[in-house]
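> Okay, here's the prediction I keep looking at, along with the sequence it came from:
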Amino acid sequence: MADMDDMKAQLCGEERTRRADLGLLVLRLTAGGLLAGHGAQKLFGAFGGHGLEGTAGWLESIGLRPGKTWAVLAGASEFGGGTLTALGLGGPLGPIAMQGAMATAARKAHWGKPIWATAGGAEVPVLYSAIGAAVGLAGPGRYSLDRLFGVRVPKTLVALTMAGVAAGIMLADRQSAPATPEEPAPEEAVMEGPKGGEDRVVEARPGAEAPVVGGAPQTGATSQTGDDAGTATDATAASALSSI
């Protein structure tokens, strides 16, 4: 990052670089501080956050398991990356760490929606990611702890951090959300009919023939048979009287 600062000093005047570094300071403090706050919500439940348990449950609902491990990684990416970026410490390590949580959030929580935050899109993660990339490329500027303490981050460490973040993003992208069982449509439920062991309800309609139970007709048929028998008895009695 010192080489970048020297190049800026050669290309721009002293006053210009001071203003540019002040602009970087404002950008770092705002974006880094807010993102660190999001990480504190996940890790410690600060600022009205849900803490590790609540964050773990939500992450598992979108397919990231085990939820607590991913909650720690997401919180560390936001809290650690945001804090390092705001302080201007560790060169590009903070802005690189920011990319892990932002890329995963955009892919797993906002993908397939319109870009705007009001529509549930990835507007906010994209903004944080762009700010992190800009600060990482430009360097933290003179108003930073790196400049104050003369910190120089080895290129090997930068490369390893980038590789670790990229691996985490790819691993998260390979995990899928749990499938939600589909409920049958009302028409399908009606067509299926009762399953084994269920009782059937038979509607009785007026004028329909009464069913035969146990080989004997029901009450209506019984009374009709009794009337027929009484008529036959009367006819027999009349015949007997006429023969006397």
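All right, it came through fine.
> buried sites along whichever strand or helix holds residue 72?
Taking DSSP states H and E as the definition, one finds residue 72 inside helix 67-87. Judged by neighbour count (16 or more other CB atoms under 10 Å), helix 67-87 contains these buried residues: 67, 70-87. Where you see a C-beta, it was placed from the backbone N, CA and C, and this is true even at glycine.
> other SSEs contacting it?
In terms of contacts (3 or more CB pairs under 8 Å, 6 or more residues apart in numbering; DSSP states H and E), helix 67-87 is packed against helix 33-44, helix 51-61, helix 93-108, helix 123-138, helix 155-174.
> repeat that for 6 Å
Using 3 or more CB pairs under 6 Å, 6 or more residues apart in numbering; DSSP states H and E, the elements in contact with helix 67-87 are helix 33-44, helix 51-61, helix 93-108.
> Out of the ones you listed, which one sits most buried?
helix 93-108 (a mean of 24; mean count of other CB atoms under 10 Å).
> And that one, what does it pack against?
Packed next to helix 93-108, using 3+ CB pairs under 6 Å, 6+ apart, are helix 67-87, helix 123-138, helix 155-174.
> Could I get the average pLDDT for that helix?
Taken as a whole, helix 93-108 has a mean pLDDT of 96.
> angle of it against helix 33-44?
Taking axes from the mean of the first three to the mean of the last three CA atoms, to 10 degrees, one finds helix 93-108 and helix 33-44 inclined to each other by 70 degrees.
> Helix 93-108 to helix 123-138, inter-axis angle?
Here the directions of helix 93-108 and helix 123-138 differ by 150 degrees (the same axes, to 10 degrees).
> returning to that earlier point: ok, residues contacting the helix holding residue 72?
Helix 67-87 is contacted by residues 28-29, 32-33, 35-36, 38-40, 42-43, 52, 55-56, 59-60, 64, 90, 93-95, 97-98, 100-101, 135, 145 when judged by CB atoms under 6 Å, 6 or more residues apart in numbering.
> hang on, the earlier thing: mean pLDDT and distance to residue 19 added to the helices and strands packed on helix 93-108, as TSV?
As requested, the helices and strands packed on helix 93-108 are exported to TSV (pLDDT from 0 to 100; distance: least, CB to CB, whole Å):
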stretch	mean pLDDT	distance to residue 19
helix 67-87	97	20
helix 123-138	97	13
helix 155-174	96	27
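> Distance to residue 111 added to those, as CSV?
CSV is the format used below for these (distance: least, CB to CB, whole Å):
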stretch, distance to residue 111
helix 67-87, 16
helix 123-138, 10
helix 155-174, 10
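> what's the closest of those to residue 22?
The minimum distance between residue 22 and the helices and strands packed on helix 93-108 falls on helix 123-138, with 12.9 Å, by CB to CB.
> tell me which residues in that closest one are buried?
With burial defined by 16+ other CB under 10 Å, the residues of helix 123-138 counted as buried are 123-126, 128-129, 131-133, 135-136, 138.
> and it, C-alpha only, in PDB?
This file holds the C-alpha atoms of helix 123-138, laid out as PDB (Å, rounded to 0.1, in the frame of the first residue of the first chain):
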ATOM      1  CA  GLU A 123     -28.600  -3.500  -3.400                       C
ATOM      2  CA  VAL A 124     -27.100  -3.200   0.100                       C
ATOM      3  CA  PRO A 125     -24.600  -6.100  -0.200                       C
ATOM      4  CA  VAL A 126     -23.500  -4.800  -3.600                       C
ATOM      5  CA  LEU A 127     -22.900  -1.400  -2.200                       C
ATOM      6  CA  TYR A 128     -20.800  -2.800   0.700                       C
ATOM      7  CA  SER A 129     -18.900  -5.000  -1.700                       C
ATOM      8  CA  ALA A 130     -18.100  -2.100  -4.100                       C
ATOM      9  CA  ILE A 131     -16.900   0.100  -1.200                       C
ATOM     10  CA  GLY A 132     -14.700  -2.700   0.100                       C
ATOM     11  CA  ALA A 133     -13.200  -3.200  -3.400                       C
ATOM     12  CA  ALA A 134     -12.600   0.500  -3.800                       C
ATOM     13  CA  VAL A 135     -10.900   0.900  -0.400                       C
ATOM     14  CA  GLY A 136      -8.900  -2.300  -1.000                       C
ATOM     15  CA  LEU A 137      -7.600  -1.100  -4.300                       C
ATOM     16  CA  ALA A 138      -6.900   2.500  -3.300                       C
END
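> Sounds good, over and out.
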